[in-house]
Each structure stands twice: as structure tokens, then as C-alpha cells.
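Q: Below: sequence and its predicted model.
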Amino acid sequence: MTLAFESATTLAQKIRDKDISSRELTDTYIERIEKYDGEINAVIVRDFERARAAADAADEALAKGNSLGPLHGIPMTIKEAYNLEGTPTTWGIPGFEDSLDAADSEVVKRFKAAGAHFMGLTNVPMNLADFQSYNDIYGQTNNPWNQERTPGGSSGGSAAALAAGLTALESGSDIGGSIRNPAHYCGVYGHKPTFDVVPQNGHSLPGMVATPDIAVVGPMARSAEDLALSMDLVAGAGPLDAPGWKLDLPRPTKTKLSEYRVALWPTDDSAPVSRAMADRVQMVGDTLAKLGATVSDTARPDFTMEEAMRVYLYMLNGVMAASMPESHIEATQKVVDGLDPNDNSREAILARSTVQKHSEWLSENNTRDKLRFAWREFFGDWDILICPQVATTAFPHDHAPFSQRTLTVDNAEQPYFQQLFWAGVITGSYLPSTVFPTGPAEDGLPIGLQAVSAEYNDYITIDFARLMADEIGGFVPPPGFE
């Protein structure tokens with residue numbers, strides 16, 4: 001495999017062994033960005049000179065026998081939503097372009113403390129609020145597998161850069177699938193951590209300090225090993241919590257896939273997926289069963305998916321409504337005022353959750369804890385749940401107003417935001433989820449699936465993905481970028 005597509009773990013070892021210098025590797029990625037990124041538009045803020053200087057410093061340190069950490073000399077990029085000192089953080093919102101970050105985010109600090117350096121920032125949708133990645137500042141990011149298709153959002157630039165071999169490592173963020181959707185669409189790995197085990201400080205616009213509910217930040221990579229290494233580096237107490245607690249995530253105890261108890265959830269009436277997606281879940285299940293794993297396609301937690309989705313939408317809009325214009329809130333309130341009290345349609349729930357009172361949020365949060373206990377009981381019997389991430393492979397770019405967008409699933413139209421289902425029922429209950437590649441569909445586009453487990457079992461979902469790669473293969477470069 002071309003050097004640019006090697007895992008960060010492997011590349012770090014090559015630097016330590018002096019098979020390649022940090023400067024040589026950094027220049028390799030910079031040259032690839034300059035060669036390929038004109039057509040992908042993933043790395044939208046470039047900081048090449050500082051990256052080269054940091055690479056030179058890493059090489060000088062190594063020559064003196066000094067180690068900067070597990071990622072000594074590794075060049076990487078990071079989602080534009082993170083603060084990187086001396087660069088703008090805009091979230092794709094016009095008006096923030098000239099506001100340069102005075103300090104690094106906590107995650108950036110931890111990657112730098114491990115020896116990594118940054119070549120630039122990767123693209124996002126406006127306000128991080130889309131399954132695509134385009135905005136009026138930086139334009140549209142394309143999927144390296146098919147440039148007519150979305151790379152996903154909101155960490156679409158991150159996934160596209162990894163898939164095209166433009167960076168060694170990445171980090172995204174996720175509240176509605178924003179790590180997992182792009183990982184699936186671009187054929188890479190993405191891990192949505194258990195809520196609050198990776199600090200979000202500095203994943204923010206100016207003035208934002210508090211950590212929003214259900215949102216997380218987490219690693220993206222071309223291998224499960226890199227996800228695990230990244231979690232070793234970035235997980236742990238944030239600045240406010242550090243005086244009082246330390247994180248102790250369970251480590252994997254199983255060494256073979258045959259030891260796992262795996263539940264399959266191929267599709268659901270609440271959000272039907274394409275036959276290709278459902279069949280891929282079944283294929284993974286069949287593979288596991290042949291290896292001797294315990295597999296069920298009927299096991300489910302003890303609650304309805306409608307209840308889980310309602311709670312998620314209340315939690316999600318409790319966060320998202322804070323950045324909505326007052327005019328939108330007022331218009332939505334008028335809609336809610338006219339609703340039948342017995343209307344429990346998805347549209348009604350979306351409207352009510354957008355203008356919810358704090359007392360309503362507290363009620364839904366109480367139900368959320370009931371769901372968390374139900375998931376805990378479920379994962380007492382099952383180690384891993386395998387399910388789709390979204391309904392289809394990467395879909396064509398669509399910049400129409402949200403209200404006019406739909407998603408075609410096996411020739412049937414679905415509401416655009418119905419895609420939130422598969423991410424949301426996992427996110428709303430704080431569960432960790434690792435999206436891992438399973439190979440292409442008939443259309444040639446990648447399919448990634450979610451491996452989900454109990455809260456704090458982050459390393460277990462990641463290690464399951466590692467073992468799956470040994471059995472069915474892992475990341476494959478898209479044609480034309482090898």
C-alpha cells in the first residue's frame with residue numbers, strides 16, 4: 001500500500017525506526033493535497049509552513065534521542081470545528097473567517113502532546129448541521145469514491161481527506177452521525193465515543209464554553225488500531241473535571257470473533273434501509289456465525305424505537321434550537337400552537353422539541369435514563385450490536401432547502417432527516433459506536449456498519465472492528481488515489 005495510506009500507528013513506527021523522516025512524510029501529504037485536493041476540496045485551511053517547521057523539529061528531537069510521544073512526527077489534519085491556534089474556526093458560518101483562534105482546543109493539545117502536528121483544517125457544513133459538507137466560505141467537499149456524491153457531514157472533510165490519502169489521522173465530532181455518516185460514505189473508520197469521555201473544550205465558536213448534551217468529539221482513521229491509539233491519547237477528564245476524576249474504560253478481554261455475542265439489527269420499520277445495507281448486516285452476521293460466534297437477528301432492548309427516537313429528538317433539538325434564529329423559533333411555536341394534542345407524528349415531535357420548555361426536557365431526560373438502563377440490561381446479554389449507519393451509500397449532492405430534500409431508498413422516497421434514526425437511537429443514550437468498512441456495494445461505493453456496545457465499552461467496539469478487518473478486510477483506497 002502507498003505510504004500515504006499506511007496507518008498512523010505504522011507511520012509513527014517508521015519514523016521511530018528512521019525508515020522515513022517526519023519532514024519526508026509531511027511533504028508527502030502536502031504534495032498529495034496539492035495534487036488531489038483541488039477536485040476533493042477537503043483540506044480547506046492549509047498551514048503547511050508551520051507543519052514543515054514542526055516536522056523538522058520532530059526530526060531534530062529524534063536525532064538527539066528524544067521522543068515527543070506515540071505520534072512523534074505524525075502530520076495530521078482536523079475538522080474545522082476544532083480550535084487550532086492561529087487559524088479560523090467558522091463552522092462554515094460567514095462572518096467568522098477573520099477570527100483567528102488564540103489557543104488550541106483540548107483535543108488538539110493532546111494530539112500535539114503526543115508528538116503530532118497539523119497541516120490544516122478540513123471542511124464542514126454550515127453550523128455542522130447537514131449530512132453533506134458545503135458552505136459559503138469554503139465551498140463543497142466531494143467524495144473521493146465518486147465526486148458527484150457527498151462525503152457525508154458534518155465531518156465530511158475529515159473522512160474525504162483520510163480516504164484520499166491526504167492525512168495520516170483525523171478527529172471529528174458527532175451529534176447526529178457526524179463522525180459515523182462520513183466514515184460510512186468514504187470507507188474509513190470513525191468512533192463516536194461514550195458521551196463526555198473525550199473533552200470538547202475548544203470544539204467551539206467564540207464565546208462557547210459549556211459542553212452540549214449528547215454531542216461528542218472522537219477519532220477518525222484508516223484503521224481500528226489508530227482509533228484505539230487516538231482514544232488512548234485524547235480520552236480522559238477535561239480541564240474542569242481533572243481535579244476530581246480519572247477515566248478507566250474497560251479493555252477488551254476477547255481475542256477471537258468466535259467469543260462474541262452479537263445482535264443484528266438489519267433494518268427497522270421506523271427508518272427502512274436499502275437492501276444493500278440490510279444484506280451487509282446479515283453478511284457480517286453470517287460470517288460471525290460461521291466462525292462460532294453467538295448471533296441473533298431478533299434480540300432488541302426493551303423499549304420501542306419510537307420512544308427512543310422521540311427522546312433523541314428532544315435531546316437533539318434542545319441543543320440545536322439554541323443557535324436557531326428567533327424568527328424560526330417564533331414560526332415553529334405557531335405551528336405547535338396549532339397541533340392536535342394527540343398528534344405524535346415525526347413532524348409534530350420535531351416542532352415541539354424545537355420550542356420545548358425546560359420542564360419538558362427534564363421529562364424526556366428522565367425517560368432517556370430509563371432507556372440507558374434498558375440498554376445496560378441488553379448489553380448484559382450481548383457484547384455487540386451491528387446495525388446500519390444510514391439507509392444508503394453516499395447520495396448525490398443536494399443543495400436544495402432542507403424542506404425540499406428527500407432520500408431515495410430502493411426507489412422509495414424518505415424524508416431527508418429520517419436518516420437521523422440510526423445515529424440517534426444510539427447517540428441519545430450515550431452509547432459508543434464504531435463504524436467500520438465492510439467493502440463496496442454493487443454501485444461501487446463503500447458500506448460501513450455500526451458496532452455498538454454498552455456505555456464506556458469504547459475499546460471493545462473498536463477492537464471488534466479490528467478483528468472484523470482481519471476477517472473481511474478493512475480500508476481500501478478509492479480508485480485513482482492509490
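A: Perfect, I can see it now.
Q: now Asp458: how far from Lys18?
A: Separation of Asp458 from Lys18 (CB to CB, to the nearest Å) stands at 33 Å. C-beta: built from backbone N, CA, C; applies to glycine.
Q: who's more crowded, those two?
A: Neighbours of Asp458 and Lys18, each counted by other CB atoms under 10 Å, are more numerous for Asp458; the result is 28 against 10.
Q: where does the more buried one land on pLDDT?
A: The model reports Asp458 with a pLDDT of 99.
Q: For stretch 18-27, buried residues please.
A: Ser21, Ser22, Arg23, Leu25, Thr26, Asp27 (16 or more other CB atoms under 10 Å).
Q: Out of the residues you listed, name the ones that lie in helices.
A: Among the buried residues of stretch 18-27, the members found in helices (DSSP state H) are Ser22, Arg23, Leu25, Thr26, Asp27.
Q: nearest residue to the last one other than its sequence neighbours?
A: The one in question is Asp27. Spatially, and ignoring its direct neighbours in sequence, Asp27 is nearest to Arg52 (7.3 Å; CB to CB, 6 or more residues apart in numbering).
Q: Over to the first one?
A: Spatial nearest neighbour of Ser22, chain neighbours left out: Gly73 (2.9 Å); criterion: CB to CB, 6+ apart.
Q: where does that neighbour land in three-state SS?
A: Of the three states, Gly73 takes coil under DSSP: H, G, I helix; E, B strand; the rest coil.
Q: So Pro206 sits against Leu100, correct?
A: No. Between Pro206 and Leu100 there is no contact under CB atoms under 8 Å: 10.4 Å.
Q: From the neighbour counts alone, determine which of these two ranks first.
A: Higher neighbour count among Pro206 and Leu100: Leu100, with 13 against 10, using other CB under 10 Å.
Q: Let me see the contact set for that one.
A: Gly86, Thr87, Pro88 (CB atoms under 8 Å, 6 or more residues apart in numbering).
Q: One more: Thr406?
A: Glu413, Gln414, Pro415, Tyr416.
Q: hmm, try it at 10 Å
A: With contact taken as CB atoms under 10 Å, 6 or more residues apart in numbering, Thr406 is in contact with Asp398, Ala400, Ala412, Glu413, Gln414, Pro415, Tyr416, Gln418.
Q: ditto for Glu347
A: Val335, Leu339, Pro415.
Q: Quick check, pLDDT for it.
A: 92.
Q: before we move on, what about Met1?
A: 69.
Q: if I read this right, the residue nearest to Ser22 contacts Thr26, doesn't it?
A: Yes. If you go by CB atoms under 10 Å, Gly73 and Thr26 touch, sitting 8.0 Å apart.
Q: Okay, the residue nearest in space to the middle of the chain and Gly190: tell me how far apart.
A: Note on the chain: the residue nearest the mean C-alpha position is Ile179, at 1.1 Å, using CA atoms, centre = their mean. Applying CB to CB, the value for Ile179 to Gly190 is 4 Å.
Q: Between those two, which contacts overlap?
A: 152, 155, 158-159, 170-172, 218-220, 389, 433-435.
Q: For Tyr314, state which of the residues you listed is nearest.
A: Comparing these against Tyr314 with CB to CB places Ser433 closest, at 20.2 Å.
Q: Would you mind listing the residues in contact with Leu449?
A: 180, 184, 264, 266, 277, 280-281, 283-284, 386-389, 422, 433-438, 465, 468.
Q: and it, which of the three is it?
A: strand.
Q: Then the one 5 residues further on?
A: For Ala454, the secondary structure call by three-state DSSP comes out as coil.
Q: For it, which non-adjacent residue is closest in space?
A: Phe379 is the one closest to Ala454 (CB to CB, 6+ apart), at 3.6 Å.
Q: List the buried residues of stretch 436-445.
A: For stretch 436-445, by 16+ other CB under 10 Å, it's Phe436, Pro437, Thr438, Pro440, Ala441, Leu445.
Q: Sort out which of those residues are in strands and list them.
A: Members of these lying in strands (criterion: DSSP state E): Phe436, Pro437, Thr438, Pro440.
Q: State the pLDDT value of Pro322.
A: Pro isn't right for residue 322; it's Ala. So, for Ala322, pLDDT stands at 89.
Q: Check the one 3 residues further on too.
A: The per-residue pLDDT reported for Pro325 equals 90.
Q: same check, this time on Val273
A: As predicted, Val273 sits at a pLDDT of 98.
Q: give the contact list for it.
A: Going by CB under 10 Å, 6+ apart, Val273 touches 266-267, 279-281, 387-392, 409-410, 414, 419, 421-422.
Q: at 7 Å instead, please
A: By CB atoms under 7 Å, 6 or more residues apart in numbering, the contact list for Val273 reads Thr267, Pro388, Ala391, Val409.
Q: again, but for Ser154
A: Val124, Pro125, Leu128, Ala129, Asp130, Ser133, Ser178.
Q: now it, what's its secondary structure?
A: coil.
Q: Pass me the low-pLDDT residue ranges in this protein, would you?
A: The chain contains residues with pLDDT under 70 at 1.
Q: and if we set it to 90?
A: 1, 99, 206, 322-323, 346, 482 (pLDDT under 90).
Q: Which segments of it make up each domain?
A: For the chain, automatic domain parsing gives the domain ranges 3-255, 305-369.
Q: State the distance from the residue in the chain sticking out farthest from the centre to Met283.
A: Computed with CA atoms, centre = their mean, the maximum C-alpha offset from the centroid of the chain is found at Lys64, amounting to 37.6 Å. For Lys64, the distance to Met283 equals 51 Å [CB to CB].
Q: Please identify the buried residues of the helix or strand harbouring Leu11?
A: Using DSSP states H and E, Leu11 maps to helix 8-16. Residues Ala8, Thr9, Thr10, Leu11, Ala12, Lys14, Ile15 are the ones in helix 8-16 that count as buried (16+ other CB under 10 Å).
Q: Could you export those to a markdown table, including columns for distance to Ser258?
A: Shown next, in a markdown table, are the buried residues of helix 8-16 (distance: CB to CB, whole Å):
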| residue | distance to Ser258 |
| --- | --- |
| Ala8 | 29 |
| Thr9 | 25 |
| Thr10 | 27 |
| Leu11 | 32 |
| Ala12 | 31 |
| Lys14 | 33 |
| Ile15 | 36 |
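Q: Just say helix, strand or coil for Asp443.
A: Applying three-state DSSP: Asp443 is coil.
Q: so what's it up against?
A: Thr393.
Q: all strands for the stretch 351-482 of the chain, in order.
A: 384-388, 406-409, 412-415, 433-440, 446-452 (DSSP state E, counting those that start in this stretch).
Q: Can you add distance to Ala58 and give these back as TSV?
A: Listed next are those as TSV, based on distance: least, CB to CB, whole Å:
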stretch	distance to Ala58
strand 384-388	38
strand 406-409	44
strand 412-415	48
strand 433-440	29
strand 446-452	32
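Q: Just give the number of residues close to Pro341.
A: Quick note: Pro341 (other CB under 10 Å) scores 6 neighbours.
Q: returning to what we had before: so the residue nearest to Ala454 touches Glu455, yeah?
A: No. Assessed by CB atoms under 7 Å, Phe379 is found out of contact with Glu455, at 8.5 Å.
Q: More neighbours: which of the two?
A: Per other CB under 10 Å, whichever of Phe379 and Glu455 has more neighbours is Phe379, with 21 against 16.
Q: how far away is that one from Asn457?
A: The gap separating Phe379 from Asn457 is 7 Å, by CB to CB.
Q: Having no further points to raise, I will conclude here.
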